[in-house]
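Q: sequence-free structure coming up:
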């Protein structure tokens, strides 16, 4: 999969974003507008990664808690622990456009809060990074092997830079759960 910048006229999202908020913490005082933050992250991602989709395509975001993401991580990855983000690709990839179900992304409030505090970065920036990270997984990118990470991580950094967010991989303390 190659990354390229889409012309400005084509920067409308090639998919809808469906948001489900399962944990009340996501709607508390001081929390970001999740619709706006997700749209901003998706727009920046698709401005760099050209993505062809079928009409009516969708990405769903589940804003949950650690208990829910731990259950998902255990059921689908065999890891009985909470994590910050999980991505579940939808329809089987083909040679043509993606969709209509591009996939689902789950984000865990407590883990993201803790990590942003430990890393000393704004919560909104960390959440944006994790949405971009999740989207790239749905688009076929990975970081399990070093050669894949060498493609995905600089791409994330480039996307985040367009949003004014610092390189999350510049810190030796940050590593995505594999």
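A: Yes, it's here. Just so it is clear, the model here is predicted, and its values are computed rather than measured.
Q: Flag every buried residue along stretch 148-166.
A: 149, 152-153, 155-157, 159-160, 165 (16 or more other CB atoms under 10 Å). In short, each C-beta sits where N, CA and C put it, glycine included.
Q: In strands, which of those residues fall?
A: Among the buried residues of stretch 148-166, no member falls in strands (DSSP state E).
Q: for those, which one is nearest residue 67?
A: Residue 67 lies nearest to residue 156 out of the buried residues of stretch 148-166, by CB to CB, at 27.3 Å.
Q: what's around the residue nearest to residue 20 when sequence neighbours are not counted, how many residues?
A: Nearest non-adjacent residue to residue 20, counting by CB to CB, 6 or more residues apart in numbering: residue 62, 5.1 Å away. Residue 62 has 20 neighbouring residues, counting by other CB atoms under 10 Å.
Q: How far away from the center of its chain is stretch 86-106?
A: Stretch 86-106 sits 13 Å away from the centroid of its parent chain (CA atoms, centre = their mean, to the nearest Å).
Q: no, scratch that, I was asking about stretch 66-76
A: Distance, stretch centre to chain centre, for stretch 66-76: 17 Å (CA atoms, centre = their mean).
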